[in-house]
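# Any chance you could fold what I've pasted below:
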Amino acid sequence: MLTDAKCRNATSEGHKIRKFPDGGGLYLWVYEDGRKYWRLRYWSSGKERLLSLGVYPQTSLKEARRKRDDERRHLDDGRDPSVERHAARLRRLTSAENAFEAIGREWHGKRAGMWSRSHAESILRRLEVDVFPYLGPYPIAEIDAPTLLACVRKIEERGAHDLSHRVLGVCSQIFRYGVATGRCSRDPAPDLRGALTPNKLTNQAAVKPEELPALLHAIADYEKLGDRQTRLALQLLALTFVRTTELIEAQWPEFKLDARVWIVPAERMKMKTEHVVPLSRQSVAILEELRALGGGSRFVFPGRHRDKPISNNTMLFALYRLGYKGRMTGHGFRAVASTALNEMGFRADVIERQLAHCERNAVRGAYNRAEYLKERTTMMQKWADHLDALTHGAKVLPFQRARSRR
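Down below sits the predicted model:
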């Protein structure tokens with residue numbers, strides 16, 4: 001029989017393992033490096049088996065004996081402790097596979113290939129910050145509407161009403177994926193209709209077309225406040241009205257300056273469809289200036305580290321410095337261009353195609369990267385000439401109202 005003193009002073013005496021018996025199949029295994037483990041030796045179905053009962057001294061002699069007696073009672077009842085532990089591990093594994101976080105990450109992995117990198121990262125970040133810490137460990141089938149509401153209300157309590165609605169929508173998609181893959185029976189999100197504070201949707205801040213000259217003048221003088229690259233980035237954003245992320249992550253291999261065209265690859269577009277941007281003479285001139293500034297980086301707008309682009313906030317903060325906080329955003333250039341080009345009489349289909357808005361017909365969308373390209377090329381040059389005129393003090397060009405569309 002062992003004692004506390006014997007356990008404390010036991011050594012392997014130069015052996016790799018030395019086993020000290022205590023009776024009833026309980027042993028203290030002492031390893032050459034000083035580690036000590038409790039083991040229960042027993043027989044089941046004619047085979048010798050071992051069961052771990054803990055580590056000494058965290059598990060004391062008294063506690064090890066209690067565990068031995070408990071397992072012996074299981075054996076007397078015809079239950080094999082090793083088999084039961086294996087079954088418990090399988091249950092835990094199954095439970096982990098069905099946890100909301102596991103299914104959420106699985107859903108995200110399936111969908112991410114259809115999104116732009118920035119959108120996929122944004123969705124995962126929202127889940128990791130606002131959802132997984134609260135719902136992640138729970139089996140998805142056991143999450144009911146009140147539990148989901150408690151999670152989303154934590155976002156609402158921060159005053160982020162728009163985000164709370166968007167996160168609820170993402171959770172709903174995960175639940176529907178869980179239903180489709182047999183891990184839960186229903187999506188509780190629709191039960192929360194009306195439970196969150198209504199969100200008043202607002203458009204991205206954008207100046208009116210008649211306010212554009214003052215903004216263009218301010219951008220042209222930006223180097224009095226900031227750097228040249230940021231000024232060129234704002235000007236190129238106004239000329240091309242692409243999404244901000246599409247611009248700042250642009251790489252030189254995407255551009256064919258001789259042909260005056262920029263082909264944004266599908267993996268960088270929001271809807272994963274390659275997008276052609278005809279380049280005006282003014283855009284080409286800016287790009288040639290940027291190439292000279294780039295220091296050999298593959299990015300058109302390299303950040304402090306040449307192998308990474310500038311931050312998403314670079315142009316937004318530049319607009320703040322120009323006095324346009326709450327009045328203009330990078331996305332706002334898209335709204336301004338859309339409004340002005342419609343007023344100038346360009347066809348709505350041509351404008352929408354240049355904005356790379358989602359093509360609802362998936363088959364048609366796969367073949368429309370160069371759709372209306374001739375008209376779009378003409379439109380982009382006229383838009384650049386229009387901005388040039390405004391920048392150099394000309395009055396706003398007279399808009400030709402588009403014909404009414406039936």
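
# Please make it C-alpha for all contacts and neighbour counts, starting now.
Noted.

# Quick check: which ranges of the stretch 251-400 of the chain have low pLDDT?
The stretch 251-400 of the chain contains residues with pLDDT under 70 at 271, 358-370, 393-400.

# just checking, P81 touches D70?
No. Checked against C-alpha atoms under 8 Å, the pair P81 and D70 is beyond contact range at 9.9 Å.

# between these two, who's got more neighbours?
P81 (19 against 12; other C-alpha atoms under 10 Å).

# so who does the more buried one touch?
51, 71, 74-75 (C-alpha atoms under 8 Å, 6 or more residues apart in numbering).

# Nearest the geometric middle of this protein, what residue?
Here the mean C-alpha position of the chain is nearest to the C-alpha of E121 (C-alpha atoms, centre = their mean), at a distance of 2.0 Å.

# Please report the distance of it from H331.
The spacing between E121 and H331, counted by C-alpha to C-alpha, to the nearest Å, is 19 Å.

# returning to what we had before: what about the residue nearest to the centre of the chain, helix or strand, and which?
Per DSSP states H and E: E121 is located in helix 117-130.

# and the very next helix or strand once past that helix, average pLDDT?
Downstream of helix 117-130, the first helix or strand assigned by DSSP H and E is helix 132-135. Averaged over helix 132-135, pLDDT sits at 92.

# Show me the contact partners of the helix or strand that helix 132-135 is followed by.
Downstream of helix 132-135, the next assigned helix or strand under DSSP H and E is helix 145-156. Here helix 145-156 makes contact (C-alpha under 8 Å, 6+ apart) with 130-131, 134-135, 161, 163-164, 167-168, 188-189, 191-192, 195-197.

# Which residue ranges make up the domains of this structure?
Listed by automatic domain parsing, the domain ranges of the chain are 4-81, 100-192, 209-391.

# and the contacts of helix 145-156, which of them are in helices?
Applying DSSP state H to those, the entries found in helices are 130, 134-135, 161, 163-164, 167-168.

# which of those residues sit farthest apart?
The span of these, defined through C-alpha to C-alpha, is set by L135 and H161 at 19.4 Å.

# how deep is R49 tucked in, by neighbour count?
R49 has 15 neighbours, counted by other C-alpha under 10 Å.

# tell me the SS of it?
Put simply, R49 is strand when judged by DSSP: H, G, I helix; E, B strand; the rest coil.

# quick one on the thing from earlier: now the helix holding E121: buried residues?
117, 119-120, 124, 127-128, 130 (16 or more other C-alpha atoms under 10 Å).

# same thing with stretch 33-40?
36-40.

# Alpha carbons of it, as PDB, please.
Extracted in PDB, the C-alpha atoms of stretch 33-40 (Å, rounded to 0.1, in the frame of the first residue of the first chain):
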ATOM      1  CA  ASP A  33      12.000  12.600 -15.900                       C
ATOM      2  CA  GLY A  34      10.000  12.700 -12.600                       C
ATOM      3  CA  ARG A  35       6.400  12.800 -14.000                       C
ATOM      4  CA  LYS A  36       3.900  10.700 -12.000                       C
ATOM      5  CA  TYR A  37       0.600   9.300 -13.300                       C
ATOM      6  CA  TRP A  38      -2.200   7.300 -11.700                       C
ATOM      7  CA  ARG A  39      -3.200   4.200 -13.700                       C
ATOM      8  CA  LEU A  40      -6.000   1.600 -13.100                       C
END
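
# pLDDT averaged over it, what's the number?
91.

# before we move on, what about stretch 240-250?
92.

# ends of it, how far apart?
Stretch 240-250 end-to-end distance (C-alpha to C-alpha) = 12 Å.

# list the contacts for R281?
Per C-alpha under 8 Å, 6+ apart, neighbours of R281: 260, 381.

# can we see that at 7 Å?
Neighbour list for R281: empty [criterion: C-alpha atoms under 7 Å, 6 or more residues apart in numbering].

# quick one: it and R260, what's the gap?
Applying C-alpha to C-alpha, the value for R281 to R260 is 8 Å.

# what do you get for A64?
78 Å.

# now swap in A238 and tell me
17 Å.

# Looking only at neighbour counts, state which of the two leads.
The neighbour count for A238 versus R260, taken as other C-alpha under 10 Å, is higher for A238 (22 against 15).

# Report the secondary structure state of that one.
At A238 the chain is in helix, as set by three-state DSSP.

# and the residue lying closest to it once chain neighbours are set aside, what element?
Once flanking residues are discounted, A238 sits nearest to F333: 5.7 Å by C-alpha to C-alpha, 6 or more residues apart in numbering. Assigned by DSSP H and E, F333 belongs to helix 332-343.
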